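Novice: okay, predicted coordinates and the sequence, questions at the end:
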Amino acid sequence: MTQAELTAFVEEMNEPPYRGRQIFGALQQRRLRSFDEMTDLPKEFRAKLNEHATASTLTVESRYISEDGTRRYLMKTHDGLPVETVFIPEERRDTICFSSQSGCPLQCSFCLTAKLGLLRTLTAGEIVEQIIIALNDAYGEGQRTPRGTNLVAMGAGEPMLAFDSLMKALKIMSDPKGLHIVSNRVTVSTAGIVPRIRELATIEDRPHLAISLAAPTDELRNELMPINKKWPLEELLAACKEFERSLKPNERFTFEYVMLDAVNDADEQARQLANLLNRHALRAKVNLIPHNPADPLPYRPSKPERVESFKRILESKGVHAFVRRPRGRDIYAACGQLAARRTAANPIAAMLHQLA
Ligand code: SF4
C-alpha cells in the first residue's frame, strides 16, 4: 500500500491517520516484516492488524552467494510460486535485479525463465518486498544502506506486462518516508511491448528504459524473440523514436544485445545492427551481454574476440557500445540463467524438472 492507502486503511479501523504513516515508515524505512516487531504501536492495535492484514508475504526458500559477492534469492509467494531476485554489490552502488512476474509468457529462446510460461504477474507488494528482503539480507533489518541502490526490472517476467504493479511499486519505493529509491534509479527492460513503451514515455516521473534486441533482422528476431512477430523491429524502433522525445538532456536509452555464438555475433550482423540504429537516429547505447550458459538451452556464449570485433564495428559506425561483465555466473544468477540451477531447494528447477 502507498502511504495514502495505509492511512485510509487505518482510518477504516477507527485509528488516527498518523498510525498509517507510522506503519508505512516501519515497513518501508525500517524494513520490518511483521506487525509484532512494530513495538511502538499499541499491543491491541498490533493484534487487530494481524487479524486484518499481513505485513509480508514472500518467504526466502534459498540463497546463494557468489564468489564475486552477488547474492541470488529464490523466494516463494503465499500461493507457492517461485520468484527470483539478484543483489549485485558494486563499488559505488548496489544493484538489485527484481522479477515482475513468476515465470514469463514470452518465449525468448535464449532464456530459461521462458520454459516456465507465465505462472502469475506479481503484485506491487511482491515487487517491493523483493527489494526489502535483499537489503535486509545484505545490511541487516532496518540498517542503513551505505551505498545508493539502483533497481533493474530484468529478473523473471516482462515488466511491461506487469505495468500496473510495477508503476505502483515504483511509487511506493520512491516515497522519501520509505525506501526512497526514485524512478531515476530504476531501469525497466522490455522485450518490446510497443504500446507500453509509448505509455511509459508519457509518465512524468518515469524510470529509464532498456530494450532487449538480440537480433538485427526480423527474420532472426522472430526466431529468438517471438514477440517480434507481433511488434517487428521497424515498429519497435519507431516507438523508441517517440520515446526519445521524453529523454532528459544527458539521458540515453539502452539496447541489450545478448551475444550467442554463431547465431547473432557475426561482423555482418554488427553492421546490420549499426545501420538499423543509425537509420532511426536513436540516442541510444548498446550493451553487449555475452550469453550465460544455462543447461537445457542450445546456445553457447560468443567468444571474447567475437564480442570485441562486434563492439569495434558498432563504434566505427558511431554507435556507443559497452560489454557487460557477467556477475554471479557461478550461482546461476547471471542474465538468462534464472531458473537454471537444479537443486531440490529450487522451486523453479523442480518445476522445470516436471516440465521435462
Ligand atoms: S528474456 Fe525476459 S521477456 Fe524473454 S522470456 Fe526471458 S524473462 Fe521473458
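Specialist: Here it is on my side, so go on. Numbering: from 1, shown residues only.

Novice: who in the chain is up against the ligand?
Specialist: Residues of the chain lying close to the ligand by C-beta under 6 Å from any ligand atom are 104, 106, 108, 111, 113-114, 156-158, 191. C-beta coordinates here come from the backbone N, C-alpha and C atoms, glycine included.

Novice: now do 8 Å
Specialist: 101, 104-108, 110-114, 154-158, 189-191, 212, 225, 227, 336, 338 (C-beta under 8 Å from any ligand atom).

Novice: quick check: PyMOL command selecting the buried ones in the residues you listed.
Specialist: Entered in PyMOL, the line below selects the buried ones among the residues of the chain next to the ligand, by 16 or more other C-beta atoms under 10 Å:
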select buried, resi 101+104+106+108+110+111+112+113+114+154+155+156+157+158+189+190+191+212+225+227+336+338
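
Novice: now, the residues of the chain next to the ligand that are in strands?
Specialist: The strands, defined by DSSP state E, take in 101, 189-190, 212 from those.

Novice: can you tell me which residues contact Arg221?
Specialist: 213-215, 228, 232-233 (C-beta atoms under 8 Å, 6 or more residues apart in numbering).

Novice: narrow these to those in helices?
Specialist: Per DSSP state H, helices hold the following members of the contacts of Arg221: Leu233.

Novice: most widely separated two among the contacts of Arg221?
Specialist: Farthest-apart pair in the contacts of Arg221 is Ala214 and Pro232; separation 13.4 Å (C-beta to C-beta).

Novice: and what about Leu288, helix, strand or coil?
Specialist: Three-state assignment for Leu288 (DSSP: H, G, I helix; E, B strand; the rest coil): strand.

Novice: switch the contacts of Arg221 over to JSON lines; also include pLDDT.
Specialist: Shown next, in JSON lines, are those (pLDDT from 0 to 100):
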{"residue": "Leu213", "pLDDT": "96"}
{"residue": "Ala214", "pLDDT": "96"}
{"residue": "Ala215", "pLDDT": "98"}
{"residue": "Asn228", "pLDDT": "98"}
{"residue": "Pro232", "pLDDT": "98"}
{"residue": "Leu233", "pLDDT": "97"}
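
Novice: show the buried residues in the contacts of Arg221.
Specialist: 213-215, 228, 232-233.

Novice: just those now: which is nearest the ligand?
Specialist: The ligand has its nearest neighbour among the buried ones among the contacts of Arg221 in Ala214, at 8.5 Å by C-beta to the nearest ligand atom.

Novice: can you tell me, leaving aside adjacent residues, what's nearest to that closest one?
Specialist: Leu224 (4.9 Å; C-beta to C-beta, 6 or more residues apart in numbering).

Novice: correct me if wrong: the one you found contacts Cys108.
Specialist: Yes: the criterion here is C-beta atoms under 8 Å, and Leu224 meets it with Cys108 at 6.5 Å.

Novice: okay, and the common contacts of those two?
Specialist: With C-beta under 8 Å, 6+ apart as the test, Leu224 and Cys108 both reach Ala214.

Novice: so what's the closest residue to Arg30 other than its chain neighbours up against?
Specialist: Leaving aside its chain neighbours, Arg30 sits nearest to Gly142 (4.2 Å; criterion: C-beta to C-beta, 6+ apart). Gly142 makes contact with 29-32, 136, according to C-beta under 8 Å, 6+ apart.

Novice: out of those, which are inside helices?
Specialist: Short answer: these in helices (DSSP H) are Asn136.

Novice: which one of the contacts of Gly142 is nearest to the ligand?
Specialist: Out of the contacts of Gly142, the member with the shortest distance to the ligand (by C-beta to the nearest ligand atom) is Asn136, at 25.3 Å.
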